[in-house]
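Engineer: What follows is a predicted protein model with its sequence.
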Amino acid sequence: MNIQTFDLTGKVALITGGYGYLGKATTESLAYHGAKVFVLGRYENKFLEAFSDNDLYGKSIIFQECDVSKTDSIAGAFRAIFEKERKIDVLINNAFYVSGQDPLTMKDSDWEKGIDGTLNSVFRCIRECIPYLEKSESPRIINVSSMYGVVAPDFEVYKEFPEMLNPPHYGAAKAGVVQLSKYYASYLGEKGITVNTVTPGPFPSKTVQEKEEFIEMLATRTLLKRIGKPEDLAGAFVYLASDASGFVTGQNLIVDGGWTVG
Ligand SMILES: NC(=O)c1ccc[n+]([C@@H]2O[C@H](COP(=O)([O-])OP(=O)(O)OC[C@H]3O[C@@H](n4cnc5c(N)ncnc54)[C@H](OP(=O)(O)O)[C@@H]3O)[C@@H](O)[C@H]2O)c1
């Protein structure tokens with residue numbers, strides 16, 4: 001019997017926004033499991049701040065400049081990595097950007113930017129990476145959604161914390177990410193490329209964690225009565241990048257402490 005494992009040795013993985021709050025733990029977990037991880041981002045100084053004290057920095061945690069708002073930049077980044085490594089096995093679409101918040105007064109330009117930074121950028125990265133993934137022996141695409149792509153925000157709660165309100169385009173685009181994964185899972189299935197979604201629940205950043213009452217509210221809404229830590233999420237990516245998930249495609253792995261269960 002062939003034992004399937006979580007070992008990522010020899011795999012080349014790319015993660016957009018991989019030096020961000022959740023991306024950092026995911027990058028490190030992939031590297032600890034043996035992958036060579038390229039962190040795609042706009043600012044090398046932020047990459048250095050996140051990883052320069054990590055033993056794997058420069059060896060299997062490597063910076064690649066990439067702006068996911070621009071097709072040329074994405075295409076150039078993938079080309080550069082492929083020329084160096086001669087393969088790309090795993091693409092994780094984790095980066096996002098939004099602007100605007102108010103559901104009543106949001107400008108068209110904010111709406112468009114939010115959809116671009118949450119959904120269109122994922123599409124661009126998938127499209128540009130397919131020619132490289134086709135050459136891999138175990139190709140994987142993993143897209144990042146949000147619990148707000150699955151359930152609506154509770155507006156009673158946000159009356160108390162209006163500055164924390166999740167904007168309408170974010171959830172709409174994240175729901176689109178779940179469907180986009182299913183679409184490409186179907187389209188790419190015969191090429192052996194798996195496409196799945198990881199959907200994080202409440203993982204408030206360090207700054208948001210300073211708002212104690214808000215954090216308590218988030219914790220209460222989960223079944224496990226706590227907020228998520230970045231390391232609670234990282235294993236989902238390791239699993240979906242590994243040979244252990246070879247027969248899993250089109251799925252949405254929700255890591256939310258039970259928030260969306262009810
Ligand atoms: N934290 C949560 O509670 C939570 C919950 C549900 C879903 N998520 C999802 O999880 C993912 C990671 O979120 P996070 O909480 O870790 O947020 P984060 O720390 O803000 O990370 C987002 C990353 O995207 C990068 N980025 C933004 N614009 C970019 C561009 N044009 N090109 C390349 N990179 C760009 C940012 O880097 P620069 O700005 O430095 O370029 C940053 O590293 C996102 O998809 C988010 O929607 C998070």
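Structural biologist: Here it is on my side, so go on. Numbering: from 1, shown residues only.
Engineer: What score does residue 23 have for pLDDT?
Structural biologist: Residue 23 is assigned 98 on the pLDDT scale.
Engineer: That one contacts residue 40, correct?
Structural biologist: No - contact criterion Cβ atoms under 8 Å: residue 23 and residue 40 do not qualify, at 9.6 Å. No exception for glycine: its C-beta is placed from N, CA and C like everyone else's.
Engineer: out of those two, which sits in the busier spot?
Structural biologist: Taking other Cβ atoms under 10 Å, residue 23 and residue 40 do not tie; residue 40 has more neighbours (30 against 25).
Engineer: what kind of secondary structure is that one in?
Structural biologist: Three-state assignment for residue 40 (DSSP: H, G, I helix; E, B strand; the rest coil): strand.
Engineer: what sits against the closest residue to it other than its chain neighbours?
Structural biologist: Once flanking residues are discounted, residue 40 sits nearest to residue 66: 3.8 Å by Cβ to Cβ, 6 or more residues apart in numbering. For residue 66, the contact set (Cβ atoms under 8 Å, 6 or more residues apart in numbering) comprises 16, 40, 41, 42, 73, 74, 76, 77.
Engineer: measure residue 66 to the ligand for me?
Structural biologist: According to Cβ to the nearest ligand atom, to the nearest Å, residue 66 and the ligand sit 6 Å apart.
Engineer: separation between that residue and residue 150?
Structural biologist: As judged by Cβ to Cβ, to the nearest Å, residue 66 and residue 150 stand 28 Å apart.
Engineer: just the strands in the chain please.
Structural biologist: 12-16, 36-41, 61-65, 90-93, 140-144, 194-200, 252-255 (DSSP state E).
Engineer: before we move on, the earlier item: out of the contacts of residue 66, who has the most neighbours?
Structural biologist: residue 40 (30 neighbours).
Engineer: State the pLDDT value of it.
Structural biologist: pLDDT for residue 40: 98.
Engineer: what's around the residue nearest to residue 48 when sequence neighbours are not counted, how many residues?
Structural biologist: Distance criterion Cβ to Cβ, 6+ apart; nearest residue to residue 48, sequence neighbours excluded, is residue 63 at 7.8 Å. The number of residues packed near residue 63 is 21, by other Cβ under 10 Å.
Engineer: what bridges to residue 63?
Structural biologist: On the basis of DSSP bridges, residue 63 is bridged to residue 39.
Engineer: and residue 99, what does it touch?
Structural biologist: With contacts taken as Cβ under 8 Å, 6+ apart, residue 99 has the following neighbours: 109, 110, 113, 114.
Engineer: if you set the cut-off to 7 Å instead, what comes out?
Structural biologist: 110, 113, 114 (Cβ atoms under 7 Å, 6 or more residues apart in numbering).
Engineer: Please report the distance of the first one from the ligand.
Structural biologist: With distances defined as Cβ to the nearest ligand atom, the gap from residue 110 to the ligand amounts to 15 Å.
Engineer: give me the number of residues near residue 67?
Structural biologist: When neighbours are counted by other Cβ under 10 Å, residue 67 comes out with 17.
Engineer: Skip the chain neighbours and tell me the closest residue to it.
Structural biologist: Spatially, and ignoring its direct neighbours in sequence, residue 67 is nearest to residue 73 (4.2 Å; Cβ to Cβ, 6+ apart).
Engineer: low-scoring stretches of the stretch 101-250 of the chain, by residue?
Structural biologist: Applying pLDDT under 70 to the stretch 101-250 of the chain flags no residue at all.
Engineer: who in it is up against the ligand?
Structural biologist: Residues of the stretch 101-250 of the chain lying close to the ligand (Cβ under 6 Å from any ligand atom) are 144, 146, 200, 202, 203, 204.
Engineer: Most neighbours among these, which one?
Structural biologist: Within these, residue 144 tops the neighbour count with 28 neighbours, counted by other Cβ under 10 Å.
Engineer: residue contacts, that residue?
Structural biologist: Contacts of residue 144 (Cβ under 7 Å, 6+ apart): 93, 94, 198.
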